[in-house]
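[1] Coordinates for the following, if possible.
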Amino acid sequence: MKSMKAVRIHKYGGPDVLTYEDAPRPEPKEDELLIRVHAAGVNPADWQIRFGRRFVLEEPFSLILGFDVSGIVEAVGSSVADFKTGDAVYGMMPILQGGAYAEYVTSPATGVAHKPSCLDHIQAAAMPVVSLTAWQALFEAGELSAGQRVLIHAAAGGVGHIAVQLAKWKGAHVIGTASARNEDFLREIGCDEITDYTTTRFEDVVADVDMVLDSVVRDVSAATDAVAGETLQRSWGVLKKNGILVSICATPSSETAAAYGVRCKQILADPNGAQLAEIAKLVDAGHVKPTINTVLPLKQAAKAHELSQGGHTRGKIVLQVAE
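    Predicted coordinates:
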């Protein structure tokens, strides 16, 4: 069996459980692609899984993390018609599979699209999870349309900064919460109003919004979503009647929503190659651009996790796999 370099975990814990080592190189099934990974994005889900917060496997196990990938198609499954060897692609791995922290990964072809031509692999690897999360939250769950007002929490973060650009492209009035250091950045990418959460309670200055997108990353040490979801709890009152709160983090209460006369949904992004193809068109047309916070080599995945867990990063952290 061929081998490759990968970052795996064999038990749950802190960043120190991430191990850079040899691992078996996967083989694509008939509906899959084998991708030579050039870069892999880092997401909060990665370290939440590393802590054992998303699902629990019986120890010991071998698990390669990573859900964002950009690379080159190395081999194509027998039933795949839309891709060929040598294609530059980007995609999101299924949540129970992962695998992007490696030199090679297999992915269902349905979760992959041709890479935006104007982005390099580092930039493209920053896109799939956050752009699909923002797209599915704004347009599927929230049904955001032109002229509506949307409040995006953590607007300078990974999901937030893409959500701002997608909402602006759609024609919405975009309000973002962030620290003052991000104000100029957020105005450049499309925020109409910005509230500095370090000095101002957003509910004192924001009202009558059609949608709230809560993308505040939860502390994995928090015992419950109720503890971690303070921002969510303070968001109900800023919505118009029949407005909607969409959370990608804590679970919103349908009873509380009903008491306020509003709606709520929680989403976890699903891989969707068709949506990534649409997003690639928007990127190449100049409507959406990822912001890269830090680039580290694959073997420094532990440092990448430490940075991501610290919060307050602008944009995305990316692991460079191929030179």
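
[2] could you say which helix or strand contains L132?
    helix 128-135 (DSSP states H and E).

[3] For the helix or strand just after that helix, which strands pair with it and how are they oriented?
    The first helix or strand that comes after helix 128-135 along the chain, using DSSP H and E, is strand 149-152. Partners of strand 149-152 in the sheet, by DSSP bridges, are strand 173-178 (parallel), strand 209-214 (parallel).

[4] what is the mean pLDDT for the helix holding L132?
    What helix 128-135 shows for mean pLDDT is 98.

[5] Other residues contacting it?
    With contacts defined as CB atoms under 8 Å, 6 or more residues apart in numbering, helix 128-135 is touched by 41, 43, 45, 67-69, 90-92, 158-159, 161-163, 166, 213, 215, 248, 267, 269-272, 275-276, 278-279, 288, 290, 316. C-betas here are computed from N, CA, C, even on glycine.

[6] on that earlier part again, the strands paired with strand 149-152: which one's closest to A257?
    For A257, the closest of the strands paired with strand 149-152 is strand 209-214, at 11.0 Å, according to CB to CB.

[7] So for that closest one, mean pLDDT?
    Mean pLDDT, taken over the full extent of strand 209-214, equals 97.

[8] could you point out which element follows the helix or strand of the chain with the lowest mean pLDDT?
    For the chain, the helix or strand with the lowest mean confidence is helix 225-228, at a mean of 39 (criterion: mean pLDDT, DSSP states H and E). Sequence order places helix 230-233 as the next helix or strand after helix 225-228, per DSSP H and E.

[9] who's in contact with that following helix?
    With contact meaning CB under 8 Å, 6+ apart, helix 230-233 is reached by 153, 177, 214, 216, 245, 247, 249-250, 252, 256.

[10] Give me the buried entries from the residues you listed.
    153, 177, 214, 216, 245, 247, 249-250, 252 (16 or more other CB atoms under 10 Å).

[11] biggest separation within the residues you listed, which pair?
    So, these by CB to CB: farthest apart are T177 and P252, at 17.0 Å.

[12] circling back: pipe the strands paired with strand 149-152 into JSON lines and attach distance to P24 per row.
    JSON lines is the format used below for those (distance: least, CB to CB, whole Å):
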{"stretch": "strand 173-178", "distance to P24": "43"}
{"stretch": "strand 209-214", "distance to P24": "39"}
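
[13] Just the pLDDT at the closest residue to D210 other than its chain neighbours, thanks.
    Excluding its sequence neighbours, the residue lying closest to D210 (CB to CB, 6 or more residues apart in numbering) is Q148, at 4.0 Å. The score at Q148 is 98. That number is its pLDDT.
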